[in-house]
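A.B. asks: take this sequence and fold it.
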Amino acid sequence: MAQKNVLKYVVLGLLSHGNLTGYDIKKLFEGELGDFWYSNHSQIYPELKKMEDSGLIASYEDTVGQKMTKTYYRILPQGEEELSGWLSEPLNALPPTRDEFSMKLYLLNDAKNPLVKQIFAQEIARHEEKLQYLESRWETLFTAEEEQAKHYGHSLILRQAINREKQRLQWLREEQAHLPQ
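C.D. replies: Predicted structure coming up:
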């Protein structure tokens, strides 16, 4: 079965929360969404054009300040219907991961190889940094319970990401402790 263009539905979902510019959408992918979904500038703008041509969204221009004109996008009823349909569909099969740490570990057959300790140390450092970032995002966004309720899905995803990093770090440290000296 062919993969659906999930980017279209992500953009429709973002626009269902409010009108945005292409730049706003790009910044969301670099920030909030970047913790669990990736898209770059070269994908976003062509997708916006296709969606507008398909009647899912509409654009309008607004002047910001004295001279700067920005193009905003808004979701149309047909886009809301398509988003609703996608949200109610069953989830696809899990895609294979592309985890460099796991691949390197898989390829090292000797536990005494000094690279094993080095790779574990690097992976622990990466996940400690990620956990620190995610926890700071939580403190910034969701210390108040009303904010968690207002952005329920986002708070769940962020909490899940924090738990994932904690579990990964626990496993990494346990396995690191069992490495031969």
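A.B. asks: quick one, longest helix in this structure?
C.D. replies: The helix spanning the most residues in the chain, taking DSSP state H as the definition, is helix 114-141.
A.B. asks: what's the local residue count around the residue nearest to A111 when sequence neighbours are not counted?
C.D. replies: Of all residues not flanking A111 in the chain, P180 sits nearest, at 5.3 Å (Cβ to Cβ, 6 or more residues apart in numbering). In short, each C-beta sits where N, CA and C put it, glycine included. Taking other Cβ atoms under 10 Å as the criterion, the count of residues near P180 is 9.
A.B. asks: per-residue pLDDT, P180?
C.D. replies: We note a pLDDT of 91 for P180 in this prediction.
A.B. asks: mind checking the SS state of it?
C.D. replies: Counting by DSSP: H, G, I helix; E, B strand; the rest coil, the backbone at P180 sits in coil.
A.B. asks: what about it, distance to V116?
C.D. replies: P180 sits 9 Å away from V116, going by Cβ to Cβ, to the nearest Å.
A.B. asks: residues of the least confident helix or strand in the chain by mean pLDDT that come out buried?
C.D. replies: When the helices and strands of the chain are scored by mean pLDDT, DSSP states H and E, helix 145-150 comes last with a mean of 83. By neighbour count with 16 or more other Cβ atoms under 10 Å, helix 145-150 contains the buried residues Q148.
A.B. asks: off-centre distance for it?
C.D. replies: Distance of helix 145-150 from the chain centroid (Cα atoms, centre = their mean, to the nearest Å) equals 20 Å.
A.B. asks: quick revisit: so the residue nearest to A111 touches K112, yeah?
C.D. replies: Yes: taking Cβ atoms under 8 Å as the definition, P180 is a contact partner of K112 at 5.2 Å.
A.B. asks: quick one: distance of stretch 111-126 to the chain centre.
C.D. replies: So, by Cα atoms, centre = their mean, the centroid of stretch 111-126 is 27 Å from its chain's centroid.
A.B. asks: pLDDT on that stretch, on average?
C.D. replies: 95.
A.B. asks: ok, stretch 58-78 next?
C.D. replies: 92.
A.B. asks: how about it: buried residues?
C.D. replies: So, applying 16+ other Cβ under 10 Å, buried residues of stretch 58-78: Y72, Y73, I75, L76.
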